[in-house]
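In: Model the following, please.
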Amino acid sequence: MIYMIDKILSHSAIGDFRKSCKSCKSCLKQPVNTMKTTLPLIAIVALATLVGCRREDIREFTVEMPSLTEADRQKVVDAFTIRSPGRPPRVYEGIFTDSFKFDFDKKTLTMKYDSMKIAQTNIRMLIESKGVEVHFPSNTTGVAGYLDVKPKSVE
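Out: Next comes the predicted model:
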């Protein structure tokens, strides 16, 4: 494959496809349409490059919940569960509920999530939607992805 790529590129630089070159005896004697051979080659290289670009980014962080009680445990787990009529309940993508570690003495929750699929702001909003107060280690009161930006009010 690499030999063919080298051959195509060296011939396209020379531009002479009708006669064999002196450097190798096995060159094609027929004209080669470089567009038909180069474009699929570029597509294969681009596809091979893009396949490995997206990776998981598993992170662990601790969330402070000043009013955390034993009753709030189930509320927090339910916050990450999607319930649709006629379908079984499922967990949001990127949330690992089996990693939840509740510390009722320190009033904290330590959890793992995939930051390529869900952001900390979305996690905070899901927990707060169940009525549990959350203090995050970073400023997440603005719009997801933007620090210190207040959402626009709808008039």
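In: any low-confidence regions in this structure?
Out: 1-36, 48-54, 137-155 (pLDDT under 70).
In: in this structure, which strand has the most residues?
Out: In the chain, taking DSSP state E as the definition, the longest strand is strand 95-103.
In: Summarise which helices and strands that strand is packed against.
Out: Applying 3 or more Cβ pairs under 8 Å, 6 or more residues apart in numbering; DSSP states H and E, we find strand 95-103 packed against helix 70-79, strand 108-114. Backbone N, C-alpha and C define where each C-beta goes, glycine included.
In: Would you map the helices across this structure?
Out: 2-14, 34-51, 70-79, 120-128 (DSSP state H).
In: and the third one, which residues are buried?
Out: Meaning helix 70-79. For helix 70-79, the neighbour count (16 or more other Cβ atoms under 10 Å) marks 72, 76, 79 as buried.
In: Now the second one: closest residue in space that isn't a chain neighbour?
Out: In this case it means V76. In this structure, V76 finds its nearest non-sequential neighbour in I127, 5.7 Å apart by Cβ to Cβ, 6 or more residues apart in numbering.
In: which residues touch that neighbour?
Out: The contact partners of I127, by Cβ atoms under 8 Å, 6 or more residues apart in numbering, come to 63, 65, 76, 79, 134.
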